[in-house]
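Asker: Coordinates only, no sequence provided:
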């Protein structure tokens with residue numbers, strides 16, 4: 001049995017779903033017999049690029065089409081041959097498997113010189129044209145620029161940016177747009193009726209959502225549902241075959257994170273993995289749901305956009321009441337940011353866990369931690385220790401000797417070495433980021449250097465999850481190298497999770513120092529390098 005999308009492939013322009021801007025233009029050209037020699041169709045997959053190309057080939061070669069008409073008759077021998085896939089004057093070339101210049105020369109350049117076998121035009125459809133090599137494009141260029149009068153080229157691509165400008169400039173360019181959900185549902189209902197199957201509207205709405213504007217994907221999903229073999233298909237039955245995470249799980253998860261319940265949200269994410277839920281699909285549904293929430297909050301959603309979301313009723317209203325549009329935007333950015341990580345992570349739930357912590361812990365201050373008395377003097381040196389003002393003029397520069405050898409911490413003054421690391425902490429972190437994107441979670445507000453002992457540099461982490469991730473794979477070794485290259489110290493690294501009291505003390509020290517720097521220099525201190533701000537304002541160079 002043929003696939004649904006092949007069985008119900010449009011045979012006329014009128015049967016095409018969406019793409020009215022393209023249909024009207026091409027049909028007008030055909031009716032006036034004023035079509036061009038080269039077309040370029042671009043857009044996401046499953047929108048009908050190849051279908052329109054075949055319709056165009058049928059229409060220009062239709063033996064019964066009269067002047068002023070645009071639709072093919074689907075009855076003449078030319079139309080029947082094209083629909084059966086055996087037309088000698090229609091050559092469909094898959095550029096993905098014919099990328100080389102020899103393929104282009106054999107299939108196109110040498111072939112285009114010969115007149116059509118029985119049709120008026122010889123039509124070349126090159127699918128995924130962006131896959132051609134540069135030499136193949138160059139070989140095609142001259143033929144595309146000055147083709148024979150009997151040749152028409154139709155180039156199709158999903159990645160226009162990979163097609164050379166010299167090719168694009170020689171074609172009439174059409175952008176295919178994603179199909180609106182309402183139009184997709186209408187088409188799906190027509191197919192279901194033709195198959196004599198009754199399908200709940202909720203199922204069709206979910207299919208249209210999953211298809212993300214791709215009509216072919218929607219028809220494929222419909223084919224999966226029809227494979228159940230039932231004459232009446234309910235939402236409960238459809239969820240058995242549709243690649244979907246239940247929307248109820250999305251709602252439940254959002255309720256937890258909107259209430260800032262970190263532990264419950266982490267447990268929920270791990271339960272999803274244990275239950276076999278694909279976190280990529282779950283995250284995609286989260287993104288879709290949050291987008292809808294923003295549009296609802298701003299009053300920009302029409303009834304037919306909401307679909308099955310409207311049916312959540314009170315549950316959706318309860319979530320919307322607890323948050324603002326700005327907060328939803330922040331959450332949406334976070335979940336968008338982990339899409340790629342979910343594909344690459346060795347620990348499936350780790351990116352989701354980091355996103356949960358980012359959301360649930362945001363806005364929490366030290367005041368939520370156990371109360372800590374603010375000491376007047378700390379026993380440990382401040383994380384950003386203020387150096388005594390130099391006696392010389394601020395703009396004076398002093399030559400310093402560059403030491404090339406690495407300092408081994410086997411003797412000497414540990415406190416002095418720790419101070420050096422603290423002063424260069426921002427540069428060390430940046431060096432780690434440059435070496436590996438996996439270390440992007442290490443920053444000044446999450447990790448602190450605590451001390452040096454027995455050749456080890458001890459680091460304190462705000463969250464145990466970050467400490468555990470730091471110790472996985474090669475993160476620790478990469479950061480060790482960053483320390484060595486930045487301050488010239490070959491140190492092994494030990495990691496620990498800071499206690500609430502330790503964390504509070506360190507954060508208050510940093511805040512106190514930042515305030516003193518702002519009063520002294522007039523420069524507002526942020527997470528950026530303080531030293532860079534001073535140098536930018538007063539000039540000079542760093543000396544030891």
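Answerer: Right, received. Where do you want to start? Computed from a predicted structure; not experimentally measured.

Asker: which stretches of the stretch 301-450 of the chain aren't confidently modelled?
Answerer: 301-318, 363-415 (pLDDT under 70).

Asker: one more time with 90, if that's ok
Answerer: 301-332, 337-349, 358-450 (pLDDT under 90).

Asker: now the helices for it?
Answerer: Using DSSP state H, counting those that start in this stretch, the helices of the stretch 301-450 of the chain run over 303-306, 314-321, 325-337, 339-344, 350-360, 414-423, 425-435.

Asker: Of these, which stretch is the most buried?
Answerer: Comparing the helices of the stretch 301-450 of the chain by mean neighbour count (mean count of other C-beta atoms under 10 Å), helix 350-360 ranks first with a mean of 21. To be clear about C-beta, it is placed using only N, CA and C from the backbone, and glycine gets the same treatment.

Asker: quick one: it to helix 325-337, angle?
Answerer: Counting by axes from the mean of the first three to the mean of the last three C-alpha atoms, to 10 degrees, helix 350-360 lies at 160 degrees to helix 325-337.

Asker: How about residues contacting helix 350-360?
Answerer: By C-beta atoms under 8 Å, 6 or more residues apart in numbering, the residues outside helix 350-360 that reach it are 257, 260-262, 265-266, 269, 279, 283, 330-331, 334-335, 337-338, 341-342, 345, 441, 463, 465, 469.

Asker: ditto for stretch 199-211
Answerer: 46, 179, 181, 184-185, 188-189, 192, 217-218, 221-222, 225, 232-235, 238, 242-244, 288, 307-308, 311.

Asker: roughly how far is it from the heart of the chain?
Answerer: Centroid displacement of stretch 199-211 relative to its chain, using C-alpha atoms, centre = their mean, to the nearest Å, is 24 Å.

Asker: One more: stretch 256-263?
Answerer: 25 Å.

Asker: Quick check: buried residues in that stretch?
Answerer: 256, 257, 258, 262 (16 or more other C-beta atoms under 10 Å).

Asker: Export the residues you listed to CSV and append columns for secondary structure.
Answerer: Formatted as CSV, these follow (DSSP: H, G, I helix; E, B strand; the rest coil):
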residue, secondary structure
256, helix
257, helix
258, helix
262, helix
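
Asker: What ranges does the stretch 51-200 of the chain have for its helices?
Answerer: 77-84, 101-104, 110-112, 134-145, 165-168, 181-194.

Asker: Which single one of the buried residues of stretch 256-263 is nearest to residue 511?
Answerer: Nearest to residue 511 out of these is residue 262 (C-beta to C-beta; 23.6 Å).

Asker: can you pull the contacts of that closest one?
Answerer: Contacts for residue 262 (C-beta under 8 Å, 6+ apart) come out as 356, 357, 360, 361.

Asker: quick one: which of the contacts of stretch 199-211 sit in strands?
Answerer: Judged by DSSP state E, the contacts of stretch 199-211 include 232, 233 as members of strands.

Asker: Buried ones among the contacts of stretch 199-211?
Answerer: Buried members of the contacts of stretch 199-211, counted by 16+ other C-beta under 10 Å: 46, 179, 181, 184-185, 188, 192, 217-218, 221-222, 225, 233, 238, 242, 244, 288, 307-308.

Asker: Dump the helices of the stretch 301-450 of the chain to CSV, plus distance to residue 61.
Answerer: Shown next, in CSV, are those (distance: least, C-beta to C-beta, whole Å):
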stretch, distance to residue 61
helix 303-306, 39
helix 314-321, 53
helix 325-337, 46
helix 339-344, 44
helix 350-360, 52
helix 414-423, 76
helix 425-435, 59
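
Asker: Nearest to residue 59 among those helices would be which one?
Answerer: Closest to residue 59 of these is helix 303-306 (C-beta to C-beta; 32.3 Å).

Asker: burial measure for the nearest residue to residue 184 once chain neighbours are set aside, as a count.
Answerer: Spatial nearest neighbour of residue 184, chain neighbours left out: residue 208 (4.3 Å); criterion: C-beta to C-beta, 6 or more residues apart in numbering. Residues lying near residue 208 (other C-beta atoms under 10 Å) number 27.

Asker: what's the spacing between residue 361 and residue 226?
Answerer: 46 Å (C-beta to C-beta, to the nearest Å).

Asker: Which of these two has more residues huddled nearby?
Answerer: Set side by side, residue 361 and residue 226 show more neighbours around residue 226, with 17 against 13, by other C-beta under 10 Å.

Asker: thought the more buried one was touching residue 196?
Answerer: No: using C-beta atoms under 8 Å, residue 226 is not in contact with residue 196, being 10.3 Å away.

Asker: still on that earlier bit, can I get the helices of the stretch 51-200 of the chain in TSV including distance to residue 511?
Answerer: Listed next are the helices of the stretch 51-200 of the chain as TSV, based on distance: least, C-beta to C-beta, whole Å:
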stretch	distance to residue 511
helix 77-84	74
helix 101-104	65
helix 110-112	74
helix 134-145	57
helix 165-168	54
helix 181-194	50
